[in-house]
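[1] Take a look and give me a structure for this.
(one chain, ligands or ions: 1)
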Amino acid sequence: MLIAMNNKNERIAICAYPIKDLIQLKKEKWTCPSCKEPVFMKVGTAKQPHFSHYRQGKCQTFSEGETPEHLAGKQLLAQWFELQQIPYQLEASLSTIQQRPDILIYEKKQPIAIEFQCSPLSANKMQERTQGYLKNGYAVIWIVGKKLTPINKLSSLQRQFISYQKKVGFYLFSLDIEQQKIVRYSQIVTNFNERISHQTIQTTFPLTGSKHQSFQNLMMPSQKVPIKKDEFTIKNIKQQQKKLSKALYYGNKQHLIVQEKLYMQHLHALYLPVEAYFPLADSPIIRTPAYYWHSLLLLRLFHLGAGHLLELKELKKWWQKKVLAAEIQYYPLPLIQRKPFVSLERYLHFLQQLGVIKAEKKDEYRVTEKIQWLFTQ
Ligand SMILES: [Zn+2]
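    Presented below is the predicted three-dimensional model:
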């Protein structure tokens, strides 16, 4: 921890003092602002100066061991807010909700809890903490440390940190204390087996130096981050089918369930219209494999028949019905309360490009003759 109470009951930030003063201050009596137990100053060369409890584990709010990364990250963020003159409080003890965010800031009077998460925690705990903030009028931003920064695959914990904004799509933040920068992963899309697609975009936000970026810039980008296109080639489809065939062969449960459902519709996972396998990239918040709901949508269009005119509104209703019937399943993600329709809209856009549907007016589509052909190949 970076904050403790002195004998005058004042909250003191250890980073406010140069090392030579700390050696003097070390002799004073310090207490934990949360549990009021005595704490002591640790001033060494390896870790950044911090306070520590005499008896570990007794304190609820500071039970997690503090890693050098966590300490350094908190301090780095505090300096960054200082630089921008954003009011902040390090390790604020929110006694009414029994939570202690790493940093609490006030942005246009809205309190925002910032959590720099370096060590793994259970998805339940993360959800609990998030709900605690949201229910009590705090916004919350999670920033992950090195261990939790996504590389290839998206773990179930990493997925919990994903948020959504129209301009940047699905995104999450990570903080690199060595490079002193925040990286935003935006337009996050996953491929087969939860692999993060190369289409995901990384943007760097330096926190220090003359090129440092503002918090505003990070949170409210003025420009849309464009989506990278997926390549629709026969080679890619073949690859996708091969992976799927392998998954079915090895008894992957999720794909076997989907295969059973497709079978009821007289379809086979490996012999769907090619349009069902694309785009390969899929939303990181939908648990149901994309090729499955793609084929449900294609079937729906097929049953409506060529020439049929339909509104986006109807299709959204159709989507919601499928969600209610658990035909399309989402991951429960605490930072995305209202599920956006982006996946549906993206797929409709793709079907337009392929000429399966044609946009008539805004948000109105006509099913073309091509739909007959899809199911008779
Ligand atoms: Zn304590």
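[2] In terms of pLDDT, where does residue 309 sit?
    On pLDDT, residue 309 comes in at 96.
[3] can I assume it is in contact with residue 368?
    No. Counting by C-beta atoms under 8 Å, residue 368 is not a contact partner of residue 309; they are 11.4 Å apart. Every residue, glycine included, has its C-beta placed from N, CA and C.
[4] between these two, who's got more neighbours?
    Neighbours were tallied for residue 309 and for residue 368 using other C-beta atoms under 10 Å; the higher tally belongs to residue 368 (19 against 13).
[5] which stretches of this protein form helices?
    For the chain, the helices defined by DSSP state H cover 19-25, 68-83, 123-135, 156-160, 215-219, 234-249, 253-264, 274-277, 290-304, 312-324, 342-353, 370-374.
[6] Can you pull the domain assignment for this protein?
    The record's domain split for the chain, according to automatic domain parsing, is 103-224, 234-374.
[7] so which of those gets nearest the ion?
    When these are compared by C-beta to the ion, domain 103-224 sits nearest the ion, at 17.5 Å.
[8] mind putting the helices of the chain in a markdown table, mean pLDDT included?
    Supplementary listing: the helices of the chain in a markdown table, determined by pLDDT from 0 to 100:
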| stretch | mean pLDDT |
| --- | --- |
| helix 19-25 | 86 |
| helix 68-83 | 93 |
| helix 123-135 | 93 |
| helix 156-160 | 93 |
| helix 215-219 | 90 |
| helix 234-249 | 90 |
| helix 253-264 | 93 |
| helix 274-277 | 90 |
| helix 290-304 | 94 |
| helix 312-324 | 96 |
| helix 342-353 | 92 |
| helix 370-374 | 88 |
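[9] could these go into TSV alongside distance to the ion and mean neighbour count?
    Formatted as TSV, the entries for the helices of the chain read as follows, by distance: least, C-beta to the ion, whole Å; neighbours: other C-beta atoms under 10 Å:
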stretch	distance to the ion	mean neighbour count
helix 19-25	19	11
helix 68-83	16	19
helix 123-135	18	15
helix 156-160	26	19
helix 215-219	29	15
helix 234-249	49	14
helix 253-264	44	15
helix 274-277	54	20
helix 290-304	47	20
helix 312-324	44	14
helix 342-353	43	17
helix 370-374	64	17
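[10] Mind checking those helices for the one nearest to residue 1?
    The closest approach between residue 1 and any of the helices of the chain, judged by C-beta to C-beta, belongs to helix 68-83 at 8.5 Å.
[11] My guess is residue 356 contacts residue 373. True?
    No. Here residue 356 does not reach residue 373: they are 9.3 Å apart, not a contact under C-beta under 8 Å.
[12] distance between the ends of stretch 211-229?
    From the first residue to the last, stretch 211-229 extends over 30 Å; the measure is C-alpha to C-alpha, to the nearest Å.
[13] Likewise for stretch 172-187?
    Comparing the first residue of stretch 172-187 with its last one, the separation is 10 Å (C-alpha to C-alpha).
[14] That one: how far from the chain's middle?
    Mean-position distance between stretch 172-187 and its chain equals 12 Å (C-alpha atoms, centre = their mean, to the nearest Å).
[15] Make a markdown table from the domains of the chain and add distance to residue 12 to it.
    Shown next, in a markdown table, are the domains of the chain (distance: least, C-beta to C-beta, whole Å):
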| stretch | distance to residue 12 |
| --- | --- |
| domain 103-224 | 16 |
| domain 234-374 | 33 |
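[16] Common neighbours of residue 309 and residue 368, please.
    With contacts defined as C-beta atoms under 8 Å, 6 or more residues apart in numbering, no residue is adjacent to both residue 309 and residue 368.
[17] contacting residues around the closest residue to residue 35 other than its chain neighbours?
    By the measure of C-beta to C-beta, 6 or more residues apart in numbering, the closest residue to residue 35 outside its immediate chain neighbours is residue 59, 4.2 Å from it. Taking C-beta under 8 Å, 6+ apart, we find residue 59 in contact with 32, 34, 35, 37, 53.
[18] filter those to the buried ones?
    Members of those that pass the buried threshold by neighbour count (16 or more other C-beta atoms under 10 Å) are listed as 32, 34, 35, 53.
[19] Please list the residues of the stretch 1-150 of the chain that sit near the ion.
    On the criterion C-beta under 5 Å from the ion, the ion has as its neighbours in the stretch 1-150 of the chain the residues 32, 34, 35, 59, 62.
[20] at 6 Å instead, please
    32, 34, 35, 37, 53, 59, 62 (C-beta under 6 Å from the ion).
[21] Now tabulate the residues you listed in JSON lines and tack on pLDDT.
    Rendered in JSON lines, the data for these read as follows (pLDDT from 0 to 100):
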{"residue": "32", "pLDDT": "89"}
{"residue": "34", "pLDDT": "82"}
{"residue": "35", "pLDDT": "84"}
{"residue": "37", "pLDDT": "88"}
{"residue": "53", "pLDDT": "88"}
{"residue": "59", "pLDDT": "77"}
{"residue": "62", "pLDDT": "66"}
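[22] how near is residue 292 to residue 133?
    Distance check for residue 292 against residue 133: by C-beta to C-beta, to the nearest Å, it reads 35 Å.
[23] repeat for residue 179
    Here the criterion is C-beta to C-beta. By it, residue 179 lies 28 Å from residue 133.
[24] One more: residue 269?
    When distances are taken as C-beta to C-beta, residue 269 and residue 133 turn out to be 41 Å apart.
[25] The nearest residue to residue 290 once chain neighbours are set aside - how many residues pack around it?
    Ranked by C-beta to C-beta, 6+ apart and with sequence neighbours excluded, the top spatial neighbour of residue 290 is residue 282, at 4.0 Å. The burial metric for residue 282, expressed as a neighbour count using other C-beta under 10 Å, is 22.
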